[in-house]
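# Sequence first, then the predicted structure, then my questions.
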Amino acid sequence: MSRTQGGSQAPVLMAGHPGTVTLKSPFQRKTDVFDSEEFDPVKFVNQIYPDESSLGDLDKFIDMLRKQVKAVDKEIFQAVRSQSGTQAKSRQDLTVATSQIGDLFSRIRAIQGKAADSEALVQDICRDICKLDYAKRHLTHTITSLRRLAMLTAAVDDLEQVGRRRDEYKRCANLLEAVTQLLEYFSNYQDVPKIQSLTKRLDVVQAQLQDAVMDDFKLLLGTSDVKLSPDSLERLASACLVVNALGPKVRDQLMDWLCEREMTVYQTIFSMSGDAAKLDRFERRFAWFKGRLEERKEVWGVFPPAWRVPQTLCLTFCKITKAAVKRLLSDSEDVVREDVGPLIKTVVATKKFEKEMAALFGGGSKDEDDDDLQDVDNLPASEARKRLEAFRKKQQAAAAAKQQQQQQTAADGTAHAGGSETVGPDAAAAAAAHVAFEGAISEAFEDALKYYVAEEQKELLRHLDQLIKEEAERLWKPPEGEDTRVLGTANQLFLKIRASLNRCVKLLSRGPTLLRLAGAFKVCSLGQAA
């Protein structure tokens, strides 16, 4: 028989000698016939009871088999019973586990619900904090706006009271600057009636101050050239502060009036009739203007340096004088053609005046350009080339400075539109002044200088004829004591050309006139070669 579930084993029948049955311990399972795959019950019985004489212990053997069957049945029953108890316990454990899992899910759902509630609570708290922060920010902005509105209202009230007094220009200027800054803060609130009302009141006060300032300047500077008292000068200086605060339009209006007033005096003295209309008396205009600058130096000092009042007056003077030069040359063209002496004298005086003005207003020394090319003929070629390159760089820097001044002027216009004033660098302004005065008047002489070129050409040709006559008298031989293959005519002619070139470059022109003079040199050189 096979092993029971409980681990105990029933005795098994073993086939020994024929006719005998031996019981073997269940631990010796290797020779158990019942476990063999080739077990045959009929063969087994025939082997145990081969004949009738061997059936004597059959009853005993049957009893033993029945007991063994009962033992096996009992073991099977116990195993079935044990197995059924185990299944019930497993079902019970499964039920408990299912219940615990359900409880766990319930707890998880509860935790998720509490987490959702906590998240909603946090969002509500954050929303409240954002609202409070937004409210705080706007409240702070509102408080600041109200304070500045109060300051603006008080400043406009003070300005209306002080604006009626002409001895309080400094205070008016300070109040105007403060009001301008405060109005910039309220630039986005122009639709608010209170701001509109304050803006209208400010416009009225500004118009009154503008009229008062212009009246003071016309009263103190427009009647006569009498010397002003210190109180009057201080009053005008304070009025300039008000003009600065009123903006660039008022300043330009004042500068236009001042330039017109000074140029009216100039045009009255030097009208286009009498001695003033003669070319040889033209340099008296420059002497008058330089004396005027020195004479009114105390008056120009009341204006802020950033206004550059003397420089502006000088540019206006140059503009009017240039127009006078063109008219004078047009009216006296026949006289100039016959005698270029007064023309040359006037051009030299004009160039000198331009250099003096450029030096006076920060454009460099008046002999600076001449020094660049001075004695260049006596220098080695390398040194002459260095000086020429330095001169060209200086000219390029001056042109760049002029362009920078134009850009700065455009930037100033933009800044003035916003209510502020921008002043360019002093270095750029100085270089731009040099460029502005160079040729400011002398350009008008360029066309008339063609008569000077014609006279130079005649003089060179006369000199060439004289040199050729001398060479012919010597039979084209070099002078005594000289051993050279170069004609003396060539040396003398080019010395004359060099002198003429230096005179034109240093005193007259480096523009179209110099180009015409080069054409004259070409004619003379061709004549000498022929």
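Yep, it's here. Everything numeric in this text was worked out from a predicted model, so none of it was measured.

# Tell me the buried residues in the helix or strand encompassing residue 352?
For residue 352, the host element (DSSP states H and E) is helix 341-360. Judged by neighbour count (16 or more other CB atoms under 10 Å), helix 341-360 contains these buried residues: 342-344, 346-351, 353-355, 357-360. In short, each C-beta sits where N, CA and C put it, glycine included.

# Residue 59: which of those is nearest?
Nearest to residue 59, judged by CB to CB, of these is residue 358 at 158.1 Å.

# Cross-check the contact I'm expecting between the closest one and residue 437.
Yes - if you go by CB atoms under 8 Å, residue 358 and residue 437 touch, sitting 4.4 Å apart.

# Leaving out sequence neighbours, find the closest residue to residue 179.
residue 155 (4.9 Å; CB to CB, 6 or more residues apart in numbering).

# Could you confirm that neighbour falls within a helix?
Yes - using DSSP: H, G, I helix; E, B strand; the rest coil, the assignment for residue 155 is a helix.

# Could you check the pLDDT of it?
Here, the pLDDT recorded for residue 155 equals 81.

# what residues does stretch 501-520 touch?
344, 347-348, 351, 370, 373, 377, 439, 442-443, 445-446, 449-450, 452-454, 456-457, 460, 500, 521 (CB atoms under 8 Å, 6 or more residues apart in numbering).

# CA atoms of that stretch as PDB?
Taking Å, rounded to 0.1, in the frame of the first residue of the first chain, the C-alpha atoms of stretch 501-520 are listed here in PDB:
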ATOM      1  CA  LEU A 501      51.100 127.200 -53.300                       C
ATOM      2  CA  ASN A 502      52.000 128.000 -49.700                       C
ATOM      3  CA  ARG A 503      50.400 131.400 -49.900                       C
ATOM      4  CA  CYS A 504      47.100 129.900 -51.200                       C
ATOM      5  CA  VAL A 505      47.000 127.100 -48.600                       C
ATOM      6  CA  LYS A 506      47.900 129.100 -45.600                       C
ATOM      7  CA  LEU A 507      46.100 132.300 -46.300                       C
ATOM      8  CA  LEU A 508      43.400 131.900 -48.900                       C
ATOM      9  CA  SER A 509      41.800 128.500 -49.600                       C
ATOM     10  CA  ARG A 510      42.200 124.800 -49.600                       C
ATOM     11  CA  GLY A 511      39.100 124.100 -51.700                       C
ATOM     12  CA  PRO A 512      38.100 124.900 -55.300                       C
ATOM     13  CA  THR A 513      40.600 127.800 -55.500                       C
ATOM     14  CA  LEU A 514      43.500 125.500 -54.800                       C
ATOM     15  CA  LEU A 515      42.300 123.200 -57.600                       C
ATOM     16  CA  ARG A 516      42.100 126.100 -60.000                       C
ATOM     17  CA  LEU A 517      45.600 127.200 -58.900                       C
ATOM     18  CA  ALA A 518      46.900 123.700 -59.700                       C
ATOM     19  CA  GLY A 519      45.500 124.100 -63.200                       C
ATOM     20  CA  ALA A 520      47.500 127.300 -63.500                       C
END
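
# How much space separates the residue nearest to residue 179 from residue 176?
Distance check for residue 155 against residue 176: by CB to CB, to the nearest Å, it reads 9 Å.

# now residue 143
26 Å.

# out of those two, which sits in the more crowded spot?
residue 176 (23 against 10; other CB atoms under 10 Å).

# any idea how far residue 250 is from the more buried one?
11 Å.

# Can you give me the pLDDT of residue 97?
90.

# Please apply the same query to residue 280.
70.

# right, and it touches residue 344 too?
No - counting by CB under 8 Å, residue 280 stays clear of residue 344, with 10.6 Å between them.

# OK, contacts around residue 297?
Per CB under 8 Å, 6+ apart, neighbours of residue 297: none.

# With residue 282 as the reference, measure out to it.
25 Å.

# what do you get for residue 95?
In terms of CB to CB, residue 95 sits 128 Å off from residue 282.

# Same check on residue 359?
Taken as CB to CB, the span from residue 359 to residue 282 is 21 Å.

# show me where this structure has strands.
12-15, 21-24 (DSSP state E).

# Dihedrals phi and psi, residue 229?
Dihedral angles of residue 229 (phi, psi; degrees, to the nearest 10) stand at phi -80, psi 160.

# Great, nothing more from me.
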